[in-house]
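*Asks:* Structural data only, the sequence is not supplied:
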């Protein structure tokens, strides 16, 4: 029985790791597509692997910033967010994209407005791509 618990834990850990990797791949594809659609956003030279690695790094950094920094920013700006009926969250998303552009070498965003467009388009593309990972079917069960 003890070995069954160990095997079950191991499988659960593998499942969680695979879900994280799938989300990272989906986010990377979304970053690449968004880069292609917006002229004010650049991931560098796509003819080499630098652009692909930059996209992977941008996806990872955005994931970390959204997990760690965004909740703090939301709490600190709660009065403004309530007064604007939640529209200030778009500003927070754009600021996180600009911060990611500062942190990731090779990722360049021309202005706040391009960052805002990037965050909106990125969330739309990620939502569409996430529909293909089967996550919603598993959550319903």
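*Replies:* Perfect, I can see it now. These figures come from a predicted structure and were not determined experimentally.

*Asks:* Let me see the backbone angles for residue 109.
*Replies:* phi -120, psi 130 (degrees, to the nearest 10).

*Asks:* Could you verify my assumption that it touches residue 118?
*Replies:* Yes - the criterion here is Cβ atoms under 8 Å, and residue 109 meets it with residue 118 at 6.4 Å. (Glycine included, C-beta is placed from N, CA and C.)

*Asks:* Among these two, which residue is more densely surrounded?
*Replies:* More neighbours surround residue 118 than the other of residue 109 and residue 118, with 26 against 22 (other Cβ atoms under 10 Å).

*Asks:* Could you give the separation of the strand or helix carrying the more buried one from the chain centroid?
*Replies:* Residue 118 belongs to helix 112-130 when assigned by DSSP states H and E. Taking Cα atoms, centre = their mean, to the nearest Å, the mean C-alpha location of helix 112-130 is offset from the chain mean by 9 Å.

*Asks:* is it true that residue 133 touches residue 26?
*Replies:* Yes - assessed by Cβ under 8 Å, residue 133 is found in contact with residue 26 at 6.5 Å.

*Asks:* between the two, who's got more neighbours?
*Replies:* Shown here are residue 133 and residue 26; by other Cβ under 10 Å, residue 26 has more neighbours (21 against 14).
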